[in-house]
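Peer 1: what's the 3D shape of this:
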Amino acid sequence: MEKATFAAGCFWGVEAKFRKLGGVVSTQVGYTGGHKENPTYEEVCSDLTNHAEAVEITYNPEKISYKELLNVFWSIHNPTTLNRQGFDVGSQYRSAIFYHNENQQKLAIESKKELEKSGKFDKPIFTEITPASHFWSAEEYHQQYYEKTGRSGC
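Peer 2: Numbers count the residues shown, from 1 in each chain. Down below sits the predicted model:
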């Protein structure tokens, strides 16, 4: 099993998209990329911790590749908005790929370059590609939020 970590706005919707994929063993939502230890949702939403709302994915690389996960990541959000996804504004909603090894870093950079060259977007892509750091699991009520609440979107 391997891990992948992505931030693409509100973590509820991002998690829901990845949970549906074959080869994804588990997901958890949480906070990463910031400077505060064990942050709470309220602290992250204050935009003072520099954490991103993110999803940590455990996947079987024999059933789904990291490149396939990257393709899903790019397809489920707008990477051309800085610190924003839809109505959600703040650095916690930034677009980011947190890589766990050199191969993930290489593939992430390549995929971003391919997307930039594709002409799909007429604005710059703001997605950061950075080493994975400590992942703080979000509060239990955020985990599989849509499944628990029956809601369908962020």
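Peer 1: F18 looks like it's in a helix, true?
Peer 2: Yes. When DSSP: H, G, I helix; E, B strand; the rest coil is applied, F18 is found to be in a helix.
Peer 1: could I get the longest helix along the chain in CSV with only the CA atoms?
Peer 2: Using DSSP state H, we find that the single longest helix of the chain is helix 102-118. Provided in CSV are the C-alpha atoms of helix 102-118 (Å, rounded to 0.1, in the frame of the first residue of the first chain):
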residue,chain,number,x,y,z
GLU,A,102,10.8,11.3,-5.4
ASN,A,103,8.7,9.4,-7.9
GLN,A,104,5.5,11.1,-6.7
GLN,A,105,7.3,14.4,-7.0
LYS,A,106,8.4,13.7,-10.5
LEU,A,107,5.0,12.6,-11.6
ALA,A,108,3.3,15.6,-10.0
ILE,A,109,5.6,18.0,-11.7
GLU,A,110,5.2,16.3,-15.1
SER,A,111,1.4,16.2,-14.8
LYS,A,112,1.3,19.9,-13.9
LYS,A,113,3.5,20.8,-16.9
GLU,A,114,1.3,18.7,-19.2
LEU,A,115,-1.8,20.5,-17.9
GLU,A,116,-0.2,23.9,-18.4
LYS,A,117,0.8,23.0,-22.0
SER,A,118,-2.7,21.5,-22.8
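Peer 1: Relative to Q28, how far out is the nearest residue to R151 once chain neighbours are set aside?
Peer 2: Leaving aside its sequence neighbours, R151 sits nearest to Y145 (C-beta to C-beta, 6 or more residues apart in numbering; 7.3 Å). Heads up, the C-betas are built off the backbone N, CA and C, glycines and all. Between Y145 and Q28 the computed distance is 12 Å (C-beta to C-beta, to the nearest Å).
Peer 1: overlap in contacts of these two?
Peer 2: Listed contacts common to Y145 and Q28 are E15; contacts here mean C-beta atoms under 8 Å, 6 or more residues apart in numbering.
Peer 1: Which helix or strand contains the residue nearest to P124 when sequence neighbours are not counted?
Peer 2: Closest residue in space to P124, ignoring its immediate chain neighbours: T80 at 6.4 Å, by C-beta to C-beta, 6+ apart. Using DSSP states H and E, T80 is not contained in any helix or strand.
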